[in-house]
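Chemist: Structure of the sequence below:
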Amino acid sequence: MATSIKKLPLDKILFSQGFGTRRHCNNLVLADLVKVNDVLIEDPQELFSPIDLKLTIDGLDWEFHEKAYIVFNKPTGYECSHKTKHHPSVYGLLPAPFVERGVQCVGRLDQDTTGLLLISDDGQFIHKMTSPKKNIGKVYQITTSEQLKSAQIEHLLTGVVLDDDPSPCNAVACEQISDFQINMTIVEGRYHQVKRMIAAVGNHVAQLHRFQIGEYTLPNDLPEGEWRWLNTEELLQLSSNPS
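Modeler: Residues are numbered from 1 along each chain as shown. I've put the predicted structure just below:
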């Protein structure tokens, strides 16, 4: 027997999506600023099923998602923090409702690192994706300032000791692309780990770009500074490891 979907009042739906307090969401509807599936709604207590619900709030089109799972193509010059120190925040490039509902970066990228960044308000998902115990690979394209030597790549694979941690860390895989570029897979997420690993073998990172997590690759059609929702198939890919 099919389970019926519980309908929710519109102001509660808007609140869950990050459009402000219940009172503010109520007022948005009363001010004729909210459409549901292209129909203007005047009663903030009108009930709707959240399944496949499309909202328009003060001209902003919005899909209902109980939890936020988004992919973002991070440009250089942005910090993955709500409280930035020296550069603007990546959250400033997202629609305000995401910040209101408390989304967090799923593992941070340095301000000068570009590429694949996941953002969510699901704590369990964030923990799963960042825990080394889950063994989910993150693949970085690394451009070095000096020519890469085969001994350096071998050292990355066997393990290096970072200056403040006696526990060695190693790359799961290293694919040499050119004399100055490798694709390196790691499963940990230590502070500045990739840059410090390259420094530990006597080289220096000139450019750093993350393009894959698990089996999920940054979409080619997603421009820098842009985001989109992840679908169910993509979430499954994220739980897998690159082969």
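Chemist: CA atoms for contacts and neighbours, from now on please.
Modeler: Fine.
Chemist: List the buried residues of the helix or strand of the chain with the lowest mean pLDDT.
Modeler: Within the chain, no helix or strand scores below strand 165-169, which has a mean of 83 by mean pLDDT, DSSP states H and E. Residues of strand 165-169 classed as buried under the neighbour-count rule (16 or more other Cα atoms under 10 Å) are C169.
Chemist: Tell me the helix or strand right after that strand.
Modeler: Sequence order places strand 173-178 as the next helix or strand after strand 165-169, per DSSP states H and E.
Chemist: which other helices and strands contact that following strand?
Modeler: helix 150-158, strand 181-186 (3 or more Cα pairs under 8 Å, 6 or more residues apart in numbering; DSSP states H and E).
Chemist: Nearest to R101 among these would be which one?
Modeler: Among the helices and strands packed on strand 173-178, the nearest to R101 by Cα to Cα is strand 181-186 (30.4 Å).
Chemist: can I have the following helix or strand past the closest one written out in PDB, keeping just the CAs?
Modeler: Following strand 181-186 in sequence order, the next helix or strand is helix 193-200 (DSSP H and E). Extracted in PDB, the C-alpha atoms of helix 193-200 (Å, rounded to 0.1, in the frame of the first residue of the first chain):
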ATOM      1  CA  GLN A 193      47.500  18.200   2.600                       C
ATOM      2  CA  VAL A 194      48.200  18.100  -1.100                       C
ATOM      3  CA  LYS A 195      50.500  21.200  -1.100                       C
ATOM      4  CA  ARG A 196      52.400  19.800   1.900                       C
ATOM      5  CA  MET A 197      52.800  16.400   0.300                       C
ATOM      6  CA  ILE A 198      54.300  18.000  -2.800                       C
ATOM      7  CA  ALA A 199      56.600  20.100  -0.600                       C
ATOM      8  CA  ALA A 200      57.600  17.000   1.300                       C
END
